[in-house]
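> no sequence on hand, only this structure:
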């Protein structure tokens, strides 16, 4: 059973900490602008101590784990929104007391990329819903038509449902230059595209299941550990089954193929009703594209595999609530996902 945090409301406190990478001095103006954006929406924002961007991580692992735990279990904090992901969130997993966290009232944890290293086991081990979507540094960007802002998702009450539609365009290049323009709020989406099916003969698709997933680059290191036991989580959902969503950040296609094969061998797709694969900026390999990698590892899985979903490192991002009951429809021009907070 998924436990949902109370709805986020203006006046609520949002905690900012960096469980992985911090923010370097040249990008502090962007961070300040993002914090002010939330304050302008009426939220009380507190910034923690683990934010340093001079090294790979924001602080020693014990300090990062302690500050994240304190924010997640503080009844005065309604949501924790890190600036972004990074590289080594995995360092803090063994230092987080998930039993202690589970004993507290749920708090929203928002983000994607390396943050899924924490969000994925948080949902599986505590039952808390977590919110996979734009992180703090992306928060000021205008929300695309058909999508819902993460703070609006977090503001919905348990039992609520909302539908998001596939975007018609995406961004083909990297981040804006936040050092030169820290207050940018509009993205240029310069390439058209919609969702597609790995096997077109598997459509039309209309399937439901509990949403769970994240970044392949980091989650592929969790299977076989207590923090990546997706088969047990899937079994616990009974007839609901799973909608597993995954996206590649930067690993080449052959690395992604191996990672997906490992996940499949570990039973990650045993309870899947469908697999959603995010649009990716990650490179192809000689003789193997990113699409080839998915086909090699997940072809013949026996469930629909939907490609180019907005759930990763290519803007725009579509928020997914881990643990929510999702319904995915891919039927001609109708391409949408509905999430119900039950």
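Right, received. Where do you want to start? The structure displayed is predicted, hence computed values, not measured ones. Numbers count the residues shown, from 1 in each chain.
> please make it C-alpha for all contacts and neighbour counts, starting now.
Noted.
> contact partners for the residue nearest the centre of the chain?
What sits nearest the mean C-alpha location of the chain, by CA atoms, centre = their mean, is residue 132, with 2.9 Å. Residue 132 is in contact with 110, 111, 112, 116, 119, 214, 311, 319, 320, 321, 322, counting by CA atoms under 8 Å, 6 or more residues apart in numbering.
> now with 10 Å?
109-113, 115-116, 119-120, 150, 212-214, 311-312, 317-322 (CA atoms under 10 Å, 6 or more residues apart in numbering).
> do the same with residue 296
254, 257, 258, 260, 261, 288, 290.
> distance of the residue nearest to the centre of the chain from residue 290?
With distances taken as CA to CA, to the nearest Å, residue 132 is found 22 Å from residue 290.
> what do you get for residue 8?
37 Å.
> where exactly do the strands run in the stretch 101-250 of the chain?
Taking DSSP state E, counting those that start in this stretch, the strands of the stretch 101-250 of the chain run over residues 108-111, 130-132, 161-165, 169-170, 191-192, 196-197, 205-215, 242-247.
> give me the buried positions along the third one.
Buried residues in strand 161-165, defined by neighbour count with 16 or more other CA atoms under 10 Å: 161, 164, 165.
> nearest to residue 3, of those?
residue 161 (15.4 Å; CA to CA).
> spit out the contact partners of residue 298.
Contacts of residue 298 (CA under 10 Å, 6+ apart): 198, 257, 260, 261, 263, 264, 269, 275, 292, 304, 305.
> one more: residue 50?
Residue 50 touches 16-23, 57-61, 63-68, counting by CA under 10 Å, 6+ apart.
> just the buried residues from the residues you listed, in ChimeraX please.
In ChimeraX syntax, the buried subset of those is picked out as below (16+ other CA under 10 Å):
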select :16,17,18,19,20,21,22,23,57,58,59,61,63,64,65,66,67,68
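> picking that back up, now, the contacts of residue 298 that are in helices?
257, 260, 261, 263, 264, 292 (DSSP state H).
> count the residues that sit near residue 120.
When neighbours are defined as other CA atoms under 10 Å, residue 120 has 26 of them.
> per-domain residue ranges of the protein.
13-159, 164-340 (automatic domain parsing).
> turn those domains into JSON lines, columns for mean pLDDT and distance to residue 3.
Putting the domains of the chain into JSON lines (pLDDT from 0 to 100; distance: least, CA to CA, whole Å) gives the following:
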{"stretch": "domain 13-159", "mean pLDDT": "98", "distance to residue 3": "5"}
{"stretch": "domain 164-340", "mean pLDDT": "97", "distance to residue 3": "8"}
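> okay if I get these as TSV plus distance to residue 4?
Formatted as TSV, these follow (distance: least, CA to CA, whole Å):
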stretch	distance to residue 4
domain 13-159	5
domain 164-340	9
